[in-house]
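Enquirer: I would like to see how this sequence folds:
(2 chains)
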Amino acid sequence: MRALIVVPAWNEQLTVGDTVREIRAAVPDLPVLVVSDGSTDHTAQVARDAGALVLELPFNLGVGGAMRAGFRYAVRHGYTAAVQVDADGQHDPNEVPAMLDKLAEADLVIGARFSDRDDAYRVRGPRKWAMVVLSKVLSKIAKTRLTDVTSGFKATGGRALPVFAEHYPVEYLGDTVESLVIALRVGCRVTQVPARMRPRRDGNPSHRPIKAMIYLFRAGFALLLALIRRWDLPSAAGPTPVRAPIKEGISRD
Amino acid sequence: MTSTYLVGLVGSVLVLAGIVELLRRRQLGEKYAVLWLVVGLILLVFTVFPGLLPSLSSGLGVAVPTNLLFFVGLVFLVGVVLHLSWEVSRLENETRKLAEDLAILQLEVAQQKRENVSE
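Expert: Below is the predicted model of the structure:
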């Protein structure tokens, strides 16, 4: 398996350098691809100096667009797995090897909060209800227990990677909820490993009631839309033709 | 009667002339051209023959002629707006894909250049 770490970053010059260095220290043999999502600060330069490959999107596309660019790069260059790690330092790169191991038996592995391990990351109120409802519904579709479907910390491999390179949703919450639904509908296996989340280096998720209610509503709507939407998806049964990977500076195999 | 008739006529001709001018300057795509030309022509026909609308609405069983005008106009505009929303979504998706591929190509070119230098 050839794996690539994808770090979507939008104006994160203060944290992206440390995040990249931390990833490289934790998994030295995996290349790190930072996708600068239309950043207007020095995110791209900081990431490059820290030793990452950098994709610079010409304008802001949102996390979904940034990740799709990362997936397309991965497929073009012959990688078979891509792991999303957020630039704000919320995701602990030391969990990456465990997630990649788990890819042997699944196409998509979620690094899940709220699992049995003790956790510094807490959410309350409507935002929590939304997460619980989404988890219940998606667990049912996936026929396995998923505790944290809104986690961005995900390893994508196997059949899911080529599908995501073409069809990764770019709308609000699409990168979490809808992407899981798409993966499940093309017959990918989804599973999770417990992963510790750290509090963000700057700020906390909003707990103001009105914002949380809006989140609940939009999450529900996103789920509904994902379930009724028609996708022109390739059938997962047929193997997709793999083009010869493009030659790169990094040696492999 | 005559003054309103004149105002209506001038207005319709101006709308039609505006559409033709936009077309002539290639500011309006060919696929919308026919639609707007037809709209402009229908407008002109109804202003030139003011008796046409009342007889048409009584034929359709609409009591007030202007209501027929409003109804048809609303349905038409809703259709146009829906179509434009669809078109914008499609264009947005296309620009997104282009932006993603542009970023990938930029990185590949940079890598290629570095490789050439080191050789």
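Enquirer: Can you identify each of the helices in chain A by residue range?
Expert: Here chain A has its helices, by DSSP state H, at A:16-26, A:43-49, A:62-76, A:96-102, A:125-142, A:160-167, A:179-185, A:209-228.
Enquirer: measure residue A:29 to residue B:112 for me?
Expert: Going from residue A:29 to residue B:112 by C-beta to C-beta, to the nearest Å gives 23 Å. Yep, even glycine has a C-beta here, placed from its N, CA and C like the rest.
Enquirer: Tell me which of those two has more neighbours.
Expert: residue B:112 (14 against 8; other C-beta atoms under 10 Å in any protein chain shown).
Enquirer: Okay, and that one sits in which element?
Expert: Residue B:112 belongs to helix B:65-118 when assigned by DSSP states H and E.
Enquirer: Check the offset of that helix from the chain's centre.
Expert: Averaged C-alpha coordinates place helix B:65-118 at 16 Å from its chain's average position (C-alpha atoms, centre = their mean, to the nearest Å).
Enquirer: From chain A, how far out is the residue nearest to the spatial centre of chain B?
Expert: What sits nearest the mean C-alpha location of chain B, by C-alpha atoms, centre = their mean, is residue B:32, with 5.5 Å. To chain A, residue B:32 is 27 Å away according to C-beta to the nearest C-beta, to the nearest Å.
Enquirer: contacting residues for that residue?
Expert: With contact set as C-beta atoms under 8 Å, 6 or more residues apart in numbering or on different chains, residue B:32 has no partners.
Enquirer: now do 10 Å
Expert: Counting by C-beta atoms under 10 Å, 6 or more residues apart in numbering or on different chains, residue B:32 touches B:19, B:22-23, B:80, B:83-84, B:87.
Enquirer: near chain A, which residues of chain B?
Expert: Residues of chain B lying near chain A by C-beta under 10 Å from any C-beta of the partner chain: B:92-93, B:95-108, B:110-112, B:114-115, B:118.
Enquirer: same thing but at 7 Å, please
Expert: Where chain B comes near chain A, counting by C-beta under 7 Å from any C-beta of the partner chain, the residues are B:96, B:99-100, B:102-104, B:106-107, B:111, B:114-115.
Enquirer: and stretch B:66-74, what's its mean pLDDT?
Expert: For stretch B:66-74, mean pLDDT is 92.
Enquirer: again with stretch A:127-147
Expert: pLDDT averaged over stretch A:127-147 gives 84.
Enquirer: can you put the helices of chain A in JSON lines and add distance to chain B and mean neighbour count?
Expert: Formatted as JSON lines, those follow (distance: least, C-beta to the nearest C-beta, whole Å; neighbours: other C-beta atoms under 10 Å in any protein chain shown):
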{"stretch": "helix A:16-26", "distance to chain B": "15", "mean neighbour count": "20"}
{"stretch": "helix A:43-49", "distance to chain B": "10", "mean neighbour count": "21"}
{"stretch": "helix A:62-76", "distance to chain B": "4", "mean neighbour count": "25"}
{"stretch": "helix A:96-102", "distance to chain B": "22", "mean neighbour count": "18"}
{"stretch": "helix A:125-142", "distance to chain B": "25", "mean neighbour count": "17"}
{"stretch": "helix A:160-167", "distance to chain B": "9", "mean neighbour count": "23"}
{"stretch": "helix A:179-185", "distance to chain B": "15", "mean neighbour count": "22"}
{"stretch": "helix A:209-228", "distance to chain B": "13", "mean neighbour count": "16"}
